[in-house]
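Peer 1: Sequence plus predicted model, see below.
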Amino acid sequence: MVWQGGRTKIKAKAGYDLCPVSFVRRSIRMATLDEWDRRYVTGETAAVTKLFFPNAVAAYRIVRKIETTNIRTQFMTGHGGFSEYLERFKCKDNPACICDQDISETVPHVLLECPVFAQERVQLETELGIKLEKHVVKELMSSKQRDRFLRYSQRSYHKMANTKPFTVFVEGNIGSGKTTFLEHFRQFEDITLLTEPVEEWRNLRGWNLLDLMYKDPSKWAMAFQAYVSLTMLDMHRRPTTTPVKLMERSIYSARYCFVEHMQRSGILHPAQFAVLDEWFRFIHTEIPIEADLIVYLKTDPKIAYERIKRRARSEEQCVPLSYLEELHKLHEDWLVNRTFAECPAPVLVIDADLDLSQITEEYKKTEHQILRKAVDVVMRSPNKLSPKKPITSSPIKIIPQIRL
């Protein structure tokens, strides 16, 4: 040391080489990780991330070993295309999952509970010999099975993003051939068929509401239509794993055709009609019921009457021709003339007056046109059966969606 002007001057070399730079960097990194871990563990946020990583140190170690993608980031943070997250930022009306309107669509629910993804979940559990639960997720992320689990989460996300099926309502009078129409499309693996829940109407805790309504409509019409609304709503909300759903009738035809007829004919007391109408308005406003296409099987009431006689359902033997004529007019005013009520989707009109031997051929001619809007969805499905090739014939009549 040398004294110069009242201060000391160090001539010796600084001893930086005595403390490697890598050690300094590592010390800073570990101190940072310790503080990060303290905040991570004690904090009230990052609940979804904690499902995957028990602490920040583990997260730092694991994340460096995996390929981060936008989908994996969404799953490991919960910030993405999940209904609960989207609802928080006003991007969705409610946080409900497709499987149940009372359950929020969150990352833990999609990965561990949702029945829509049960097939993928069971496959993973079978391959790994485990039961997928919350505490198991952390173990999988730290194990050699991590990549399999991440592939499962990625498949689930893609399926979740495409869970809204192309939905078709098959509408028509009693005896118009709706069940025959649905049965024709059973050949396609990618289509879910939901037939009218007649058996539920025939047996509600031992009571045949359908028979009671036909025999004494003034007494039983309201009870029957209330139960019809309930069962139809259940069909609308039922989870569907296929990209296309065909549904026999809808809550719209129940209200705009059958309840409307009961009100106009005086079968329903004005107070009873008001209750059913308010129930319908609540469902229509509060519960999302979407339709992409309506297939209207247009049938002459006299032909429908003859078919009803031939199929000989005991409850329908008392149905008069005049009733079918009045229902036919309501269907026409709703779906074709558009002079009454709201039509929720474009309408495809098919002449359903042909007999059974001919109507099947008619369905074959129109099946590709019926599914043309859904064909891209069908072709993306891993279990697809390709739609039939288009058949050159006279075009069927399609009425665009018009809101009154």
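Peer 2: Alright, I've got the coordinates. Residues are numbered from 1 along each chain as shown.
Peer 1: Spit out the contact partners of the residue lying closest to residue 60 once chain neighbours are set aside.
Peer 2: In this structure, residue 60 finds its nearest non-sequential neighbour in residue 33, 6.1 Å apart by C-beta to C-beta, 6 or more residues apart in numbering. In this view, the C-beta of every residue, glycine as well, is placed from N, C-alpha and C. Going by C-beta atoms under 8 Å, 6 or more residues apart in numbering, residue 33 touches 56, 57, 60.
Peer 1: which SSE is the last one in?
Peer 2: If I follow you right, that is residue 60. helix 56-63 (DSSP states H and E).
Peer 1: Mind giving me the packing neighbours of that helix?
Peer 2: helix 21-42, helix 134-141 (3 or more C-beta pairs under 8 Å, 6 or more residues apart in numbering; DSSP states H and E).
Peer 1: Apply 10 Å and report the result again.
Peer 2: Counting contacts by 3 or more C-beta pairs under 10 Å, 6 or more residues apart in numbering; DSSP states H and E, helix 56-63 is packed against helix 21-42, helix 47-52, helix 70-77, helix 134-141.
Peer 1: can I get those helices in TSV with mean pLDDT and distance to residue 264?
Peer 2: Formatted as TSV, the helices and strands packed on helix 56-63 follow (pLDDT from 0 to 100; distance: least, C-beta to C-beta, whole Å):
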stretch	mean pLDDT	distance to residue 264
helix 21-42	86	66
helix 47-52	89	54
helix 70-77	85	52
helix 134-141	90	56
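Peer 1: among the ones you listed, which is nearest residue 294?
Peer 2: Closest to residue 294 of the helices and strands packed on helix 56-63 is helix 70-77 (C-beta to C-beta; 35.0 Å).
Peer 1: Just the buried positions in the closest one, please.
Peer 2: Applying a neighbour-count criterion of 16 or more other C-beta atoms under 10 Å, one finds 71, 72, 74, 75, 76 buried in helix 70-77.
Peer 1: Nearest to residue 342 among those residues?
Peer 2: residue 74 (36.3 Å).
Peer 1: contacting residues for that closest one?
Peer 2: Applying C-beta atoms under 10 Å, 6 or more residues apart in numbering to residue 74 gives the contacts 48, 80, 81, 82, 85, 107, 153, 157.
Peer 1: of these, buried ones?
Peer 2: 48, 80, 82, 85, 107, 153, 157.
Peer 1: Residue 243 versus the fourth one, what's the distance?
Peer 2: Using C-beta to C-beta, to the nearest Å, one obtains 24 Å as the distance from residue 85 to residue 243.
Peer 1: any chance of the contacts of residue 74 in CSV, with distance to residue 228 too?
Peer 2: Converted to CSV, these look like this (distance: C-beta to C-beta, whole Å):
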residue, distance to residue 228
48, 41
80, 39
81, 35
82, 34
85, 36
107, 37
153, 40
157, 37
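Peer 1: What is the lowest-pLDDT residue among those residues?
Peer 2: For the contacts of residue 74, the weakest pLDDT value sits at residue 157, with 78.
Peer 1: Narrow the contacts of residue 33 to just the buried residues.
Peer 2: Applying 16+ other C-beta under 10 Å to the contacts of residue 33, the neighbour count classes residue 56 as buried.
Peer 1: Reformat the contacts of residue 33 into CSV and put pLDDT and distance to residue 286 next to each item.
Peer 2: Listed next are the contacts of residue 33 as CSV, based on pLDDT from 0 to 100; distance: C-beta to C-beta, whole Å:
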residue, pLDDT, distance to residue 286
56, 84, 42
57, 83, 46
60, 83, 45
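Peer 1: and of the contacts of residue 33, the nearest to residue 258?
Peer 2: Using C-beta to C-beta, the contacts of residue 33 come closest to residue 258 at residue 56, 60.8 Å.
Peer 1: if I look at the closest one, how far off is residue 348?
Peer 2: On the measure of C-beta to C-beta, residue 56 and residue 348 end up 57 Å apart.
Peer 1: Likewise for residue 229?
Peer 2: Distance of residue 229 to residue 348, given as C-beta to C-beta: 25 Å.
Peer 1: Excluding covalently adjacent residues, which one is nearest to residue 69?
Peer 2: residue 154 (7.7 Å).
Peer 1: ugh, wrong one, residue 249
Peer 2: residue 196 is the one closest to residue 249 (C-beta to C-beta, 6+ apart), at 5.5 Å.
Peer 1: I'd say the one you found and residue 235 touch.
Peer 2: Yes: the pair residue 196 and residue 235 passes the contact test of C-beta atoms under 10 Å, sitting 8.5 Å apart.
Peer 1: mind checking how far stretch 134-154 is from the chain centre?
Peer 2: 27 Å (C-alpha atoms, centre = their mean, to the nearest Å).
Peer 1: Can I get that stretch in CSV, CA atoms only?
Peer 2: In CSV, the C-alpha atoms belonging to stretch 134-154 read as follows (Å, rounded to 0.1, in the frame of the first residue of the first chain):
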residue,chain,number,x,y,z
LYS,A,134,-54.6,-34.3,-7.9
HIS,A,135,-51.6,-35.6,-6.0
VAL,A,136,-50.7,-37.9,-8.9
VAL,A,137,-50.3,-35.0,-11.3
LYS,A,138,-47.2,-33.6,-9.4
GLU,A,139,-45.7,-37.1,-9.4
LEU,A,140,-46.2,-37.6,-13.1
MET,A,141,-44.6,-34.2,-13.9
SER,A,142,-41.5,-35.3,-12.0
SER,A,143,-41.3,-38.8,-13.5
LYS,A,144,-40.4,-40.4,-16.8
GLN,A,145,-44.1,-40.6,-17.7
ARG,A,146,-44.3,-36.8,-18.0
ASP,A,147,-44.5,-36.7,-21.8
ARG,A,148,-47.4,-39.2,-21.8
PHE,A,149,-49.3,-37.1,-19.4
LEU,A,150,-48.6,-33.9,-21.4
ARG,A,151,-49.8,-35.6,-24.5
TYR,A,152,-53.0,-36.5,-22.7
SER,A,153,-53.6,-32.9,-21.6
GLN,A,154,-53.0,-31.7,-25.2
